[in-house]
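A.B. asks: This is the structure alone, sequence omitted:
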């Protein structure tokens, strides 16, 4: 993205729908940390990974034990794992390369100070409280999992031992529908059934968050059970901002942060409208994007580019991009756009063979030095601590088998092209037995049935067109009719073409 040609007064956020993706019934989406891969959870329990650069499907993950619709998707920092939550209240950790899944059991053992198990909070027979996770996401470094549940709470879990280390109650106790971190890991955003989008500030250190969480638990040994978890949670997250529409009381769908964390976006949950609201982090509404007449169910912002991807109720993914205006001054350093006529004053050395302004000092670069085309330059949007040697940015393309029917059509169309080329004229069907004619009204590009090759027809020269026009206006009275002969030539691509540069009388 060329940042120099973007008008800073317009805001660095998308404006129009550029493209759409379609594959089954898609429900939720998430970018990896670089924005090169897009994970999409489907209604049948599968997870499709799109290569966002080529807009093609790179991989499809399926598990026979998971057939419920996926409600949320989140990538780990290195991109090797995907955390999903399903409609059957299950949490799965998916390995991207192998396709293996690991189930995460979320539960809290409640024990009071005297050792007895309190009778509260929908416990199972073994004294373990069962939670219904509704959304989940990784922390910045991927060491902790933040889970929103149906009781209006945020659970902080160490996914290695599946133990809940902290609990943050949300005001009002409404069901948490969405939960997502900003890219820098400083803010956590939640969406609840009470029509309020909340922004929490992360108080844990980003580099050693697991150790800090363990120290908080050890310092509160005088507390037990849920009280201890809530006390630790108050030292992990604090409420920073609340976003809501006080007039229309709109329900929100899938809010998220922009790549730089400066903007907060949320989709309207109203039926029959595809509206995306954009706020700044202070809470001011700056723009509303309106799409097709389809309800929105999920959206995500690209990590490094001003692109928003939204999912409609019909399962189609729309890609929103910025509407760039042409700025010719960005293509040449000495180019200047003129709003009105200006008097031009030529330089004194403008017409010299070697003008003074054109003399450039000799470069110190040695032309014999080898150019490094292997080393990848560091992205200025990511710090050195964000770099990872094991990061998964792209997936190898999986070849697909050719369908026999399509191969037969391809062979048939190819044979027709070969026959037409060998006959000396691709327009043999239009021409008569003793003469060649060209169809000037047809398109200059003629595609075959398969659509893999294109032949370009040459236009007749101006001389031939003039002579043809004179012939129509003044027909010859002599018995010998003047005719045009087209001389066959062979194009660079091997196909036959014609031009009528010869004129003769028979």
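C.D. replies: Okay, I see it. All of these numbers come straight from a predicted model, not from anything done at the bench.

A.B. asks: Tally up the residues packed near residue 65, please.
C.D. replies: Per other CB atoms under 10 Å, the neighbour tally for residue 65 reads 10. C-betas here are computed from N, CA, C, even on glycine.

A.B. asks: which ones are touching the closest residue to it other than its chain neighbours?
C.D. replies: Using CB to CB, 6 or more residues apart in numbering and skipping the chain neighbours, the partner closest in space to residue 65 is residue 101 (7.6 Å). Listed by CB atoms under 8 Å, 6 or more residues apart in numbering, the contact set of residue 101 reads 63, 65-66, 92-95.

A.B. asks: what do you get for residue 314?
C.D. replies: Contacts of residue 314 by CB under 8 Å, 6+ apart are 25, 294.

A.B. asks: mind running it again at 10 Å?
C.D. replies: For residue 314, the contact set (CB atoms under 10 Å, 6 or more residues apart in numbering) comprises 22, 25-26, 292, 294-295, 297.

A.B. asks: Adding neighbour count, secondary structure and pLDDT, write those out as JSON lines.
C.D. replies: As requested, the contacts of residue 314 are exported to JSON lines (neighbours: other CB atoms under 10 Å; DSSP: H, G, I helix; E, B strand; the rest coil; pLDDT from 0 to 100):
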{"residue": "22", "neighbour count": "10", "secondary structure": "strand", "pLDDT": "91"}
{"residue": "25", "neighbour count": "14", "secondary structure": "coil", "pLDDT": "91"}
{"residue": "26", "neighbour count": "25", "secondary structure": "strand", "pLDDT": "94"}
{"residue": "292", "neighbour count": "15", "secondary structure": "coil", "pLDDT": "90"}
{"residue": "294", "neighbour count": "18", "secondary structure": "coil", "pLDDT": "90"}
{"residue": "295", "neighbour count": "19", "secondary structure": "coil", "pLDDT": "91"}
{"residue": "297", "neighbour count": "20", "secondary structure": "strand", "pLDDT": "92"}
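
A.B. asks: and which of those residues is nearest residue 232?
C.D. replies: residue 297 (33.6 Å; CB to CB).

A.B. asks: So that closest one is in contact with residue 271, correct?
C.D. replies: No: counting by CB atoms under 10 Å, residue 297 sits too far from residue 271 to count as a contact (11.3 Å).

A.B. asks: Quick check: neighbours shared by these two?
C.D. replies: Counting by CB under 10 Å, 6+ apart, the residues touching both residue 297 and residue 271 are residue 313.

A.B. asks: ok, now which ones touch the residue nearest to residue 244 when sequence neighbours are not counted?
C.D. replies: Leaving aside its sequence neighbours, residue 244 sits nearest to residue 196 (CB to CB, 6+ apart; 4.7 Å). Shown in contact with residue 196 (CB under 10 Å, 6+ apart): 170-172, 174, 190, 242-245, 252.

A.B. asks: Repeat the analysis, applying 8 Å as the threshold.
C.D. replies: With CB under 8 Å, 6+ apart, residue 196 has these contacts: 172, 242-244.

A.B. asks: again with residue 199
C.D. replies: Residue 199 makes contacts with 187-189, 239-243, 264, 281, as judged by CB under 8 Å, 6+ apart.

A.B. asks: Residue 16 too?
C.D. replies: 320-321, 323.

A.B. asks: before we move on, the earlier item: most surrounded residue in the contacts of residue 196?
C.D. replies: residue 243 (21 neighbours).

A.B. asks: Just confirm that residue contacts residue 197, I think it does.
C.D. replies: Yes: between residue 243 and residue 197 there is a contact under CB atoms under 8 Å: 4.1 Å.

A.B. asks: CSV please, covering the contacts of residue 101 and showing distance to residue 37.
C.D. replies: Output for the contacts of residue 101, formatted as CSV (distance: CB to CB, whole Å):
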residue, distance to residue 37
63, 19
65, 24
66, 20
92, 18
93, 17
94, 13
95, 14
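
A.B. asks: farthest-separated two in those residues?
C.D. replies: 65 and 95 (14.7 Å).

A.B. asks: can you list the domain ranges for this protein.
C.D. replies: 13-321, 408-505 (automatic domain parsing).

A.B. asks: Which one, of the ones you listed, ends up nearest to residue 340?
C.D. replies: domain 13-321 (29.3 Å).

A.B. asks: ok, how many other residues are close to residue 104?
C.D. replies: Neighbours of residue 104 (other CB under 10 Å): 17.

A.B. asks: gap between it and residue 159?
C.D. replies: The spacing between residue 104 and residue 159, counted by CB to CB, to the nearest Å, is 6 Å.

A.B. asks: so what sits against both of the two?
C.D. replies: Common neighbours of residue 104 and residue 159 (CB under 8 Å, 6+ apart) are 93, 145.

A.B. asks: ok, now which ones touch residue 392?
C.D. replies: Counted by CB under 8 Å, 6+ apart, residue 392 has contacts 32, 37, 78-80, 96-97.

A.B. asks: Make a ChimeraX selection of whichever of those turn out to be buried.
C.D. replies: A single ChimeraX command is used to select the members of the contacts of residue 392 judged buried by 16 or more other CB atoms under 10 Å:
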select :32,37,78,79,80,96
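
A.B. asks: secondary structure element for residue 374?
C.D. replies: Using DSSP states H and E, residue 374 maps to neither a helix nor a strand.

A.B. asks: Quick one, grab the pLDDT at it.
C.D. replies: According to the prediction, residue 374 has pLDDT 75.

A.B. asks: do the same with residue 149
C.D. replies: Looking at residue 149, the pLDDT reads 90.

A.B. asks: can you check residue 258 too?
C.D. replies: 90.

A.B. asks: how about the residue nearest to it when sequence neighbours are not counted, phi and psi?
C.D. replies: Among residues not flanking residue 258 along the chain, residue 301 sits closest, at 4.8 Å (CB to CB, 6+ apart). With angles defined as degrees, to the nearest 10, residue 301 sits at phi -100, psi 140.

A.B. asks: How about residue 217?
C.D. replies: Residue torsions, per degrees, to the nearest 10, at residue 217 are phi -70, psi -40.

A.B. asks: got it, and the one 10 residues further on?
C.D. replies: Note on residue 227: its backbone torsions stand at phi -60, psi -40 [degrees, to the nearest 10].

A.B. asks: Next, work out how far apart it and residue 62 are.
C.D. replies: Relative to residue 62, residue 227 is positioned 42 Å away (CB to CB).
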